[in-house]
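> With the sequence up front, the predicted model follows.
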Amino acid sequence: MSEPKSDLLQGTLDLLILKTLALEPLHGYGIAQRILAASRETLQVQQGSLYPALHRMQRKGLITSKWKESDSGRMTKIYSLTAAGRKQLGAELEQWERYSQSIAWVLQS
Amino acid sequence: MRFPWQKEQDELDAELRHHMDELVAEYVAQGMTEAEARRRARREFGASTALVKDQCQDESRWAWMTGLRQDVVFGWRMIQKTPVVSLAAVLSLAIGIGSNTAIFSLMQTALFQTIAVPAPEQISLVHWQVQGRAKTKADRVFAGASGSMYPIEGGGGGMVANFFSGFGYEAVRDAAAPLGKLAAYMFPQDVSVQYQGQTQVVQARPVSGDFFDVLQLRPAMGRLFQMSDDSPGATPTVVVSHRYWRTVLASDAKAIGRSLRISNRNYELIGVLPESFGGISTGENVQAYLPLQQDPRVLEIPKEGPKFHDFQNRMHWFLQVIARRAPGVSTEALQQRLESAFPAAWERRAMKAEFTPHIRLDDGSRGLGDLRRQFQQPMYVLLGLAGIMLLIACANIANLMLARADARKKEAAIRLSLGCSQARLLRQFLTESAILAALGGVLSVVFALGTARALVTLTPSREPLVLDIGLNWELLLFTMGATVFTVALFGIFPAMRATRVDTSPALKEGGGSAGGAAHSWWTPGKLLVVAQVAFALLLAASAALFTRNLQRIISTDAGFERGNMIVFDLKPGQTGYSEAALRNFYAEVQRTIAEAQGVQSASLAEIRPMNQGGNWSSVRMAGSKGKENDTAVNRVTPEYFQTFGVTLKAGREFRRAEQVRNATVCIVSEDLAKAMGEGMSLLGKSIAFSDPNSTPMEVVGIAANLNYADLKERPNVVYLPFTAEAESATVVVRTGAAPYLVLPFVREAVRKVDANLPLVDPYTMEELVNNGLRSERMFAYLCGAFGVLAVLLASIGLYGVISYAVSRRRNEIGIRMALGATKPSVVRLVLRDGLILTSLGVLLGAPAIYYGSQFVEKTLSDMKALDPVSLVTAALTLLAAAFVAALLPSLRAAATDPVNALRQE
C-alpha cells in the first residue's frame, strides 16, 4: 500500500463494476483485482464499498449472481451482467464521457 | 428451517470469507508467511467486516424484515420493562376486540350465513303483501292461516305473509316455468318417532315432492323425495337429517329401508340428507322430512268440523313456498310471472284493493327470515355497545402509549439528533403498539369463541338454537380488521407526538420531571379520560337499564308461586292409543303422578302455561251482539287451580263428567268477568265464543288472574274442561321439594302406566319462565358485563392519567408543601383534578345517553329506555370509581417529601 492510490469518485464504482462484468462474469474478489489491475494498480476498491454496491446493483436487477465451484473446489458467488445492466452500462458510459469531456473543457480553458 | 433473509446472511458470510482467503493467498504468493498474510488481510478487512455486512443488509431485499425484527425485539424489551401495565393493556384489548368478535361471529352465523345448498343466491322466498291489515274476515281472501305475518319493513301499515292455499301454491308453481321452480313446505312440528323400541320426539318438516330437487340437494345415502312420494295414496316415506342418522340411527347404513313409526304410522326411511345441510332456517333443529301429503296434520281426519290442512279448500292457507330462479332470471321477472297467476286461485276477490294480496319475492339465500327479523336489531345494538367498549379499551392503551412516549422524549430526541429519521422512529413506536395489539388480537379470538358459544345459549329464541360457531376466515379477518383499527387508533397519535420532538429543550430537560417548560393543565391524556368516562357512563347506564328491566320482569307476580313446579308434555295419541284408551290413560297417569313421592298435586292442560304461546279467541255474552272480549283459552282438569295454588273467587271447579269435547261449562278469569261488565255476577250466566256456531257455555266458576303465556302480559283467560280424548296433554306438577329431586319419581310414575312413553320437554316452571326472557337476559348479562368492564377500564385510565400528572407535578407539590401546604390540601388538590375530569365526562355523556335511549326504544320493543334511576346509578357508580382511582395517586402525592422532590431537580 506504499504506492499512491486514488479514492474512487462517488458514483463511479457502479460504472467500473458494470464495465468489468461486461467482459466476463467474476466473483467479488476477482472484480476488485481486475479493477486494480486495469487501473495499473491505482484504484483499490475497498470491500466496504464493493459488497454493498454489488448487493445494491443486484437488487436493482443490473447484475445477477450464481454459486459456482471454483478451480480450488470451493463454492464462490459469481456475478454476471443482466440485459438491464448492459443497457445501464451503455447509458452510464455515455454520461461519463459527456461528464469527463465537460471537465476537460473547463480544465483546458 | 432457514428463512430467506437468514440464508442471504449465510451466503454473505461465505462470500466475504472467500474474499479474505483469496487476499491471504495473494499475500502468501507475494512471499509472506501464512500467519503474517492472514494478519495483514484481517487488518485490511477485519475491522470492517461487520460494517460491510450491515451495509449489504441495508441493500438487501429483506432489509425491512431485519429492521422489523430489530423493532420487534426492541419493542418487546420495552413492553417487558412494564409487565403489569402491558398485561393490563393486552387483556383489555383482548376483551375489547373479543367481545366485538363474539357478537360478530354470532351475527355471522345467525344473520349472514347462506343455507347449505348449491347456488343459494338463486333461492327466493315467495311471500305476498297487502297494503292494510284487514280488520274483519270479510276483508280477507282466506279464512284460516298457518304461517307468519309481519309488518312490512319501514312501516306504512302494510303486512307481509308467507302462507298459501293448496290451489294458490299450484297456481304460482305452474306459472313459474321456465323462469324458476317452486316447492312448498309447512312449519315443522314435534312428532313422536319410534325406532327399534325407542321413542323420541323430533321436529319434522313436511315438504313437497320436488322440495329437495328445487334446493338441488343430493342424498348422503339412499334417495330423497320424488313427486310420486308426495301423493295421497303413496307409501309413507321419510328422509332424515345427517345428524339424526348419526345419533339416533347410530350411523347404521342398514337403517335405510327400515320403518320409522311416526305419530302412529309407519314411514319407510328412504334417505339421509348431506351432512352440511342444516335446514332452510338458521338455527332450526329439524331432523325429519315428510312428504306434504303424508304429514300427520294432513292425514288426520278431524273428529269434528272441517279439516284445516285441506289442499282442496281455497280458504285454508297453510303452505309456505320457496323458489329457485333459473340462472340469469331476476326476482322482478319471476315476481311478475307469479303475480299474474295468483288471483285465479282465490275463492273470492278481496273487498278492497288495499286488502288484495300481491306476490313479493324476498331473498332466500340465507334461509327463512324469522330468526333474522327477531335477531337483527338487538344484534346491531349489542355490536354498537361492544364497539364503544373497544373504544374505551383503545383510549386506555393510547393513554399508556402517550405516557410512555412522554417518558421517552429524551431517547427520541437523542436518536433524532444522531440522524435517525423520523419515519424510522415512528415505525419503532408503532411496532410497539402493534405488538400489544397483536397479542390482544390473538387472545381475543380465544375469548370470542368461548363467549360466542355461551352467547348461543342466551339467544332470544323460544327453542335453543342449533348454531355451529367456529373459526373461519371472515371471523379472523374481522378480528384482524379490529386489531389494525385499534393500532391505528391508539398507536399513531402517541407515536407522532413522541417523534415530533424539538430536540434541544428535550435534551436539556431533566429525566422527565417538570423542568422549566410550562405544561398546560390539559393534556391529551386528560381529554381521552373525559371521553372514556362519557362512554363508560353510556355502558354503565345501559347495564343498569337492562338489569333493572330484567329484574322488573322477573319479579312480576304471575299470580302463582313459580317455585317447585314441573311442566312436561305427554303425547300418547301419537303412539297408538285409541280414544277409549286415551281416556283411561289420562285418568291413570294423573293419578299415579299425584301419588308419586314428593308430588303435591298434578293436573293436565291443553296449552302449556308460560310457554310464550297459546290459543286465542274472543267471547261475548251468549245470545247478545254485544262487545267482544279478547281472551286466551285453555282446557284444564279440575285440579289445575289447586296445582297453581290459587283458589276460585266464586263458583266451583270442573267435574270429571264435564271432560267432553263440546263443553257446556267454563271458568273465566276475574279480569274477564270484569271486562264483560259483570264481575262476580257473571257466575251462572252464559257466554259464547264469537264464532256464530259456538254453543253457549255456563260460567261455573271465576278464577283468580294468572299469567298465561309469559311474565309480560296477563290476558283474560277462559278455561274449558280438558278433553280426555286429546292426542296430547301438558302435565303440570306441584312438588313438595326441589323439582329436580322429584322429577325421577314423576318419570317412574309415567313409566308405570306406559313404559314406552317419553316425557316431552320437561322443564321447571322457573326454566319455562326464563326461556321466555332470553332476550332480556342476554341484554342484561352482556350489558352488565360491558358496564362493569367499562367502569373498570375508565377507572384504570383515570388512575393512569392522575398518577402521571402527579409524577410531573412532584416539584410543584414539593414547593407547595415546603411553603406550608398540609397533606389534606394536597390530597384535595389531586382529587379535585380526578373528579373534575369525571364530572366533565358525565356531563358530556348524559346527552349522548338521551339520544341513545331514543334509538334503543325504537329498536327494542317493550322497553322504557330513558330511566333516570339507571342514569343516576351509573353516574354515581362512575364517580365513586373515579374517587377511588384518584385517591391512590393523591395519597401518594401527599406522601411526597418536599426535600427529596426539590433536590431531584
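On my side now, so go ahead. In this text, all values refer to a predicted model and were calculated from it rather than measured experimentally.

> buried ones in the worst-scoring helix or strand of chain A on mean pLDDT?
Lowest on mean pLDDT, DSSP states H and E among the helices and strands of chain A sits helix A:47-60, with a mean of 83. Going by neighbour count (16 or more other Cβ atoms under 10 Å in any protein chain shown), the buried part of helix A:47-60 is A:47, A:48, A:49, A:50, A:51, A:52, A:53, A:54, A:55, A:56, A:57, A:58. Any C-beta I mention is one placed from the backbone N, CA and C, and that applies to glycine too.

> Run through the neighbouring helices and strands of it.
Under the contact criterion of 3 or more Cβ pairs under 8 Å, 6 or more residues apart in numbering or on different chains; DSSP states H and E, helix A:47-60 touches helix A:12-23, helix A:28-38, strand A:63-69, helix B:4-29, helix B:49-59.

> for the second one, the distance to its chain's centre please.
The reference is to helix A:28-38. 8 Å (Cα atoms, centre = their mean, to the nearest Å).

> near chain B at all, it?
Yes: judged by Cβ under 8 Å from any Cβ of the partner chain, helix A:28-38 and chain B are in contact via A:28, A:29, A:32, A:33.

> For residue 38, which non-adjacent residue is spatially closest?
Just so you know, I chose chain A. residue A:20 (7.5 Å; Cβ to Cβ, 6 or more residues apart in numbering or on different chains).

> meant chain B, my bad for not saying
Closest to residue B:38 by Cβ to Cβ, 6+ apart is residue B:24, at 5.2 Å.

> Now do the contacts for the one you found.
B:34, B:37, B:38, B:41 (Cβ atoms under 8 Å, 6 or more residues apart in numbering or on different chains).

> likewise residue B:368?
Shown in contact with residue B:368 (Cβ under 8 Å, 6+ apart): B:125, B:280, B:281, B:282.

> looking at chain B, which helix or strand does the model trust least?
Lowest-scoring helix/strand for chain B, mean pLDDT, DSSP H and E: helix B:503-508, at a mean of 58.

> Select, out of the helices and strands packed on helix A:47-60, the one closest to residue B:355.
Residue B:355 sits nearest to helix B:4-29 of all these, at 72.7 Å, using Cβ to Cβ.

> and the closest one, which residues are buried?
Going by 16+ other Cβ under 10 Å, helix B:4-29 has these buried residues: B:5, B:8-9, B:12, B:15-16, B:18-24, B:27.

> Kindly report the same for stretch A:89-106.
A:89, A:92.

> Can you lay out the helices and strands packed on helix A:47-60 as CSV showing mean pLDDT?
Converted to CSV, the helices and strands packed on helix A:47-60 look like this (pLDDT from 0 to 100):
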stretch, mean pLDDT
helix A:12-23, 89
helix A:28-38, 88
strand A:63-69, 87
helix B:4-29, 80
helix B:49-59, 67
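
> Please name whichever of the ones you listed is nearest to residue B:233.
Short answer: helix B:4-29, nearest of these by Cβ to Cβ, at 72.7 Å.

> need the residues of chain A near chain B, please.
Neighbours of chain B within chain A, by Cβ under 8 Å from any Cβ: A:27-29, A:32-33, A:46-48, A:51-52, A:55-56, A:59, A:67, A:74-77.

> which two of the buried residues of helix A:47-60 lie the greatest distance from each other?
For the buried residues of helix A:47-60, the maximum inter-member distance is 17.0 Å, found between A:48 and A:58 (Cβ to Cβ).

> thinking again about what came up before, same list (the contacts of residue B:24) but as TSV, adding secondary structure.
Formatted as TSV, those follow (DSSP: H, G, I helix; E, B strand; the rest coil):
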residue	secondary structure
B:34	helix
B:37	helix
B:38	helix
B:41	helix
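
> which one of those has the most neighbours?
Greatest neighbour count in these, by other Cβ atoms under 10 Å in any protein chain shown, goes to residue B:41: 21 neighbours.

> what's that one in contact with, if anything?
Contacts of residue B:41 by Cβ under 8 Å, 6+ apart are B:20, B:23, B:24, B:27.

> can you pull the contacts of the last one?
By that I understand residue B:27. Here residue B:27 is in contact with B:36, B:37, B:40, B:41 (Cβ under 8 Å, 6+ apart).

> how close does the second one get to chain A?
What it means is residue B:37. 14 Å (Cβ to the nearest Cβ, to the nearest Å).

> who's in contact with that residue?
Applying Cβ under 8 Å, 6+ apart, we find residue B:37 in contact with B:23, B:24, B:25, B:26, B:27, B:28.

> can you check the third one too?
Applying Cβ under 8 Å, 6+ apart, one finds that residue B:40 lies in contact with B:27, B:32.

> and it, what helix or strand is that in?
Assigning secondary structure by DSSP states H and E places residue B:40 in helix B:34-45.

> Only alpha carbons, please: show that helix as PDB.
C-alpha atoms of helix B:34-45 as PDB (Å, rounded to 0.1, in the frame of the first residue of the first chain):
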ATOM      1  CA  GLU B  34       0.700 -17.800   6.200                       C
ATOM      2  CA  ALA B  35       0.200 -16.200   9.600                       C
ATOM      3  CA  GLU B  36       1.600 -12.800   8.500                       C
ATOM      4  CA  ALA B  37      -0.600 -12.800   5.400                       C
ATOM      5  CA  ARG B  38      -3.700 -13.600   7.500                       C
ATOM      6  CA  ARG B  39      -2.900 -10.800   9.900                       C
ATOM      7  CA  ARG B  40      -2.400  -8.400   7.100                       C
ATOM      8  CA  ALA B  41      -5.600  -9.400   5.400                       C
ATOM      9  CA  ARG B  42      -7.500  -9.100   8.600                       C
ATOM     10  CA  ARG B  43      -6.100  -5.700   9.300                       C
ATOM     11  CA  GLU B  44      -7.200  -4.600   5.900                       C
ATOM     12  CA  PHE B  45     -10.500  -6.300   6.100                       C
END
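
> Mind checking the pLDDT average for that helix?
Taken as a whole, helix B:34-45 carries a mean pLDDT of 80.

> what's the answer for stretch B:250-270, then?
Stretch B:250-270 comes out at a mean pLDDT of 91.
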